[in-house]
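*Asks:* Would you be able to build a 3D model of this:
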Amino acid sequence: MDAAVARALHESDFRLTAPNGFGDTVNHYAHSMAVFEGKVYVGTTRGVIQAHRWNLARPDIRPWPVQSPDIIHDVPRQAEIWCFDPLADHWTRVYQAPMVMATNGSRMVPRYIGYRGIGVFQGASDDKPCLYVSTWAPQIAEPPDVLRSVDGLSFEPTTRPPFSPMVRSFRTLQRFQGRVHTTPTSSSKGARLISDSIGSDSTIYATDDVQRSPWRPANDEGFGNPDNVTIFEMEEFNDHLYAGTVNPVSGFELWKTPGGDLPYRWRRVLQHGAGRGIFNEVGVSMCAFNGALYVGTGVLSGGYHRAMRIGPAAAELLRVWPDDSWELIVGDGRRTGDGLRYPLSGYGAGFDTFFNGYVWRMVCHEGRLYAGTFSWGQNVPWLQLSIWPPDALALMDRWGRDALTTSRGGAELWSSADGERWEPVTVNGFGNRFNWGIRNMASLPQGLLVATANPFGPTVVQQQDRGDWRYIDNPRGGCEVWLGREGGWT
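*Replies:* A predicted model of the protein is given here:
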């Protein structure tokens, strides 16, 4: 079938290729994904909810949804890289983080607890395109590295960007004009993580040779605005590099550059959260489709940024054209500095689902745009709702907490052929309410590969008939990877 008119995939077209965190339910996030030499590589992050209990700021959750030790370093968190051969239909673990002595000499810890970005890049001293991986290091380990692999089997650290030692991870590895670009993501203070989504500086670093050349700044910090506390995501579109910020004061900003010599010259495209302010705190995801750049928004921490008291709020989807004009595709209609905006899709924020705190990932596949969300609906039984604003509590009263547990849990995946008319692929995490996010996707000749974030393992707390709570084994915990193709697999 012509890709331009391919029908949308539906939940029944998918099959589960990797359940239960690749067999280990502490593999919570399929945090990064890249296609390299015909195979798909997925980097995991481990022990996510256990770490949230240990770090700042803690969610207002009681009881804690997953059984967690008092010391986070007692969780087995050696991050892993898995390889999928679509022709053999087989997954293989190709790398596991080594254990190293903590910097304070107290114990052995994993060198890396997650891999937040994987990209393919050929630097000036690379004989061919190589696989590069951005890492996440625990607080009492050395700062994170960039890993390099020539063959997809062995991985070695290479030149580290000049981040502050406070930086614990970095996310995107974005190619543009013969360079690879990245930015710090999370920072620590002592033995505690301040935020897993805010770095110590808001700078893009770039190099044309990861092995040998130094990383150099590509922009002024925060693009000259100190309220831009992090650069969250980047994407190439229309021969420009676009960057979306985290701005908890006035809402995210979108910037673009035609490149050239470092540091680049940048121009602002959007500000004030596209007229929505702090409820569009961050530009989460970007994808070029049919001559426009689609931008998914959100509020940090899944829709409720506790430290800044932003939200809860559902995400929006914007469409940006090469001339910097923009449209609201999914979201809340409003008057903006650019005029009246209303959702062209007819869907309000979160695709009409209050719990969709991010549009987390997008991908083009067979002529269609797919957009996946993060949903916190499955967390309702454990949330302390007394601190919530009245309008949010009114929704809870209308829906009922018990009903929400079963009917609103699980991430959503949506598809569109034109960017305006959308239809759901799944609205319940592929039948698993513990799949709280569509974290990564890849378009393959064999179909659409969709990987989830699912931190509810190995146990989950469940309320008993007499009202007390008990931790039980969760057979649906750990990240999952699904493969969908038109016509399904029957």
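*Asks:* Could I get the contacting residues of Gln96?
*Replies:* 78-81 (C-beta atoms under 8 Å, 6 or more residues apart in numbering). Bear in mind the C-beta positions are built from the backbone N, C-alpha and C, glycine included.
*Asks:* What of Gly487?
*Replies:* Asp13.
*Asks:* Helix or strand: which one has it?
*Replies:* Under DSSP states H and E, no helix or strand contains Gly487.
*Asks:* Let me see the backbone angles for it.
*Replies:* Backbone geometry at Gly487, expressed as degrees, to the nearest 10, gives phi 90, psi -10.
*Asks:* That one and Ser106, how far apart?
*Replies:* Separation of Gly487 from Ser106 (C-beta to C-beta, to the nearest Å): 55 Å.
*Asks:* In TSV: the contacts of Gln96, plus pLDDT, secondary structure and distance to Val246.
*Replies:* Converted to TSV, those look like this (pLDDT from 0 to 100; DSSP: H, G, I helix; E, B strand; the rest coil; distance: C-beta to C-beta, whole Å):
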residue	pLDDT	secondary structure	distance to Val246
Gln78	98	coil	29
Ala79	98	coil	24
Glu80	98	strand	28
Ile81	98	strand	27
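*Asks:* partners of Ile231 in the sheet?
*Replies:* For Ile231, the beta-bridge partners under DSSP bridges are Thr245.
*Asks:* where along the stretch 301-450 of the chain do the helices fall?
*Replies:* Ranges of helices within the stretch 301-450 of the chain are 390-399, 401-407, based on DSSP state H, counting those that start in this stretch.
*Asks:* After the least confident helix or strand in the chain by mean pLDDT, which helix or strand is next? Please name it.
*Replies:* Of all helical and strand segments in the chain, the minimum by mean pLDDT, DSSP states H and E falls on strand 192-195, at a mean of 59. Using DSSP H and E, the helix or strand that follows strand 192-195 towards the C-terminus is strand 205-207.
*Asks:* List the buried residues of stretch 105-114.
*Replies:* Neighbour-count burial for stretch 105-114, counted by 16 or more other C-beta atoms under 10 Å, picks out 109-114.
*Asks:* Surely Gly302 touches Asn356?
*Replies:* No - using C-beta atoms under 8 Å, Gly302 makes no contact with Asn356, being 9.6 Å away.
*Asks:* Leu444: how many residues sit nearby?
*Replies:* 16 (other C-beta atoms under 10 Å).
*Asks:* what separates it from Val359, distance-wise?
*Replies:* Distance from Leu444 to Val359, counting by C-beta to C-beta: 22 Å.
*Asks:* likewise Ile204?
*Replies:* Separation of Ile204 from Val359 (C-beta to C-beta) stands at 22 Å.
*Asks:* between the two, who's got more neighbours?
*Replies:* Using other C-beta under 10 Å, the more surrounded residue of Ile204 and Val359 is Val359, with 34 against 29.
*Asks:* any idea how far the more buried one is from His31?
*Replies:* 17 Å.
*Asks:* for Val146, same thing?
*Replies:* With C-beta to C-beta as the criterion, Val146 and His31 are 15 Å apart.
*Asks:* Check Gly114 too.
*Replies:* 6 Å.
*Asks:* Not including adjacent chain positions, what is the nearest residue to Val167?
*Replies:* Leaving aside its chain neighbours, Val167 sits nearest to Pro184 (4.3 Å; criterion: C-beta to C-beta, 6 or more residues apart in numbering).
*Asks:* and the one you found, how far is that from Ile231?
*Replies:* For Pro184, the distance to Ile231 equals 9 Å [C-beta to C-beta].
*Asks:* Can you pull the residues that touch both of these two?
*Replies:* Both Pro184 and Ile231 are contacted by Thr203, under the criterion C-beta under 8 Å, 6+ apart.
*Asks:* Look up which residues are beta-bridged to His365.
*Replies:* In beta-bridge terms (that is, DSSP bridges), His365 pairs with Arg368.
*Asks:* who are the neighbours in contact with it?
*Replies:* 9, 441, 443, 448.
*Asks:* Now for the first one: which residues touch it?
*Replies:* The reference is to Leu9. Leu9 sits next to 365, 370, 415, 425, 447-448, 484-486 when contact means C-beta under 8 Å, 6+ apart.
*Asks:* close enough to count as contact, Glu142 and Met101?
*Replies:* No - taking contacts as C-beta under 8 Å, Glu142 lies outside contact range of Met101: 10.1 Å.
*Asks:* and the contacts of Leu9, which are buried?
*Replies:* Using 16+ other C-beta under 10 Å, the buried ones in the contacts of Leu9 are 365, 370, 415, 425, 447-448, 484-485.
*Asks:* out of these, who's nearest Gly244?
*Replies:* Tyr370 (19.1 Å; C-beta to C-beta).
*Asks:* Relative to Glu142, how far out is that closest one?
*Replies:* Tyr370 is 38 Å from Glu142, by C-beta to C-beta.
*Asks:* distance of Ile198 from Val167?
*Replies:* Distance from Ile198 to Val167, by C-beta to C-beta: 10 Å.
*Asks:* where exactly do the strands run in the stretch 351-490 of the chain?
*Replies:* Here the stretch 351-490 of the chain has its strands, by DSSP state E, counting those that start in this stretch, at 356-365, 368-375, 413-416, 422-426, 437-444, 447-453, 459-463, 469-473, 481-484.
*Asks:* any idea how far the longest one is from the chain center?
*Replies:* It refers to strand 356-365. 9 Å (C-alpha atoms, centre = their mean, to the nearest Å).
*Asks:* Just the buried positions in it, please.
*Replies:* Under 16+ other C-beta under 10 Å, the buried positions of strand 356-365 are 356-365.
*Asks:* The fourth one too?
*Replies:* Going by neighbour count (16+ other C-beta under 10 Å), the buried part of strand 422-426 is 422, 425-426.
*Asks:* what packs against it?
*Replies:* Where contact means 3 or more C-beta pairs under 8 Å, 6 or more residues apart in numbering; DSSP states H and E, strand 422-426 is packed against strand 413-416.
*Asks:* For Gly467, give me its contacts.
*Replies:* Contacts of Gly467 (C-beta under 8 Å, 6+ apart): none.
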